[in-house]
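J.: pasting the structure only:
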């Protein structure tokens, strides 16, 4: 089996344009609103994406399967759960007077709808549709923000920009989801409101693993403003956002294609006679990640030198400190799909626990001992790189073991349980 170039390119393109638009928006917010407001915007955005990844309790993981009926049933049942939780959270935020957090719930709902639909579309290998729905929200927001700062004299605050982004993201996620469900209306029934055994099995380990993974990804952005000055949080947010680009790009794009191919690889039951997709994807993953990291650094340097000014120059050094971490997380984020498909999610839980624990230990020590910013960033980079490297090793071990195991078809979406 070789890497499906067309599917990979389409999938990468959608995430690439989405991330590029996001970078442009980050730069514009930093330029027109300042580091303090950028730090606040990044904090609220991190909360929204963090909540969105967990809103459906990971029941939506089963939306990627070979059986279309199961895909639709898993999609509907997970949407019902996510919507109920979102309404409860939004109501609690409004009652308590925290309007900014209500906006975070709106963003979280949009993020969940987009992710769940992406899983369903990947089941049918509609990667062009996935690319379009991923790219549109950030492209539209960036264009709208450019217009607003160009024609108006209003001094935008981080919370106002975030509210605009949240509403736009949610509004762009709902129509394609409704269209998918309308096209699949012949498969809708009362069974859609029941959970499959596959969903429950996935959620048992995917929920804690994703919770911990989200903590790892977003906790730095959320904790930095609480421990360090707003300016420091802003320059870290810029470097981290751009540096994490390869992990986000490859995890969402190649990771999706990789997992879909793995499902077919295991489901066909000829693992002993067919080349494991891990070998094919690994051949392009490392060099592609290195190229993206180098391009990110060059792009960041050009942006700071020609647009943002010396106030943001510390971001370049921070980027280099985190470079090994960015590389390791990009590789691990894609290869970790092995744990899901081969039903070894306990490994993922262990690695994410180790990574999250190290982050909180470092920030706790910072609060007590008042550690220097660069020392804290170095500790975060070293600990994260070490844990991700161990995770990569075990992903290869699990995949290699998969060559000699008979797949369990029912666990990969071929039957529907109670």
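T.: Nice, I can see it. In this text the structure is predicted, and so the values were computed from the model without any measurement.
J.: Buried ones in stretch 24-41, by neighbour count?
T.: Neighbour-count burial for stretch 24-41 flags 24-30, 32-41 (criterion: 16 or more other Cβ atoms under 10 Å). Bear in mind the C-beta positions are built from the backbone N, C-alpha and C, glycine included.
J.: typo on my end, stretch 203-214
T.: By 16+ other Cβ under 10 Å, the buried positions in stretch 203-214 come out as 203, 205-214.
J.: cool, stretch 160-176 as well?
T.: 160-166, 168-170, 172-173, 176.
J.: and if you look at stretch 181-197?
T.: 181, 184, 187, 192, 195-196.
J.: is it possible to export these to JSON lines including secondary structure and pLDDT?
T.: Compiled in JSON lines, the buried residues of stretch 181-197 are given as follows (DSSP: H, G, I helix; E, B strand; the rest coil; pLDDT from 0 to 100):
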{"residue": "181", "secondary structure": "helix", "pLDDT": "93"}
{"residue": "184", "secondary structure": "coil", "pLDDT": "90"}
{"residue": "187", "secondary structure": "helix", "pLDDT": "86"}
{"residue": "192", "secondary structure": "helix", "pLDDT": "82"}
{"residue": "195", "secondary structure": "coil", "pLDDT": "81"}
{"residue": "196", "secondary structure": "coil", "pLDDT": "77"}
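J.: Tell me the one among those nearest to residue 375.
T.: Minimum distance to residue 375 across the buried residues of stretch 181-197 is 46.6 Å, recorded for residue 195 (Cβ to Cβ).
J.: what's the closest non-adjacent residue to the closest one?
T.: Spatial nearest neighbour of residue 195, chain neighbours left out: residue 77 (5.7 Å); criterion: Cβ to Cβ, 6 or more residues apart in numbering.
J.: any idea how far the one you found is from residue 175?
T.: 21 Å (Cβ to Cβ, to the nearest Å).
J.: who touches the one residue sitting closest to the centre of the chain in this structure?
T.: The centroid of the chain falls nearest to residue 248 when counting by Cα atoms, centre = their mean (6.0 Å). Applying Cβ atoms under 8 Å, 6 or more residues apart in numbering to residue 248 gives the contacts 15, 19, 333.
J.: which SSE is it in?
T.: helix 245-252 (DSSP states H and E).
J.: just checking, what packs against the following helix or strand past that helix?
T.: Using DSSP H and E, the helix or strand that directly follows helix 245-252 along the chain is helix 254-267. On a contact count with 3 or more Cβ pairs under 8 Å, 6 or more residues apart in numbering; DSSP states H and E, helix 254-267 meets helix 5-33, helix 99-123, helix 127-151, helix 277-303, helix 314-335, helix 337-341.
J.: For helix 254-267, buried residues please.
T.: Applying 16+ other Cβ under 10 Å to helix 254-267 flags 254-263, 265-267 as buried.
J.: same check, this time on stretch 147-155
T.: 148-149.
J.: can you count the residues close to residue 157?
T.: 15 (other Cβ atoms under 10 Å).
J.: what sits against it?
T.: Each residue near residue 157 by Cβ under 8 Å, 6+ apart is listed here: 33, 37, 40.
J.: Quickly find the element holding the last one.
T.: To tie it back to what came earlier, the one meant is residue 40. helix 35-52.
J.: Show me what the strand or helix carrying residue 223 is packed up against.
T.: Assessed by DSSP H and E, residue 223 sits inside helix 197-227. Other elements packing on helix 197-227 under the criterion 3+ Cβ pairs under 8 Å, 6+ apart are helix 35-52, helix 68-95, helix 230-243, helix 337-341, helix 345-369, helix 373-402.
J.: If I take it and helix 314-335, what angle do their directions form?
T.: 170 degrees (axes from the mean of the first three to the mean of the last three Cα atoms, to 10 degrees).
J.: and the angle from helix 197-227 to helix 373-402?
T.: 170 degrees.
J.: Tell me how many other residues crowd residue 105.
T.: Residues lying near residue 105 (other Cβ under 10 Å) number 26.
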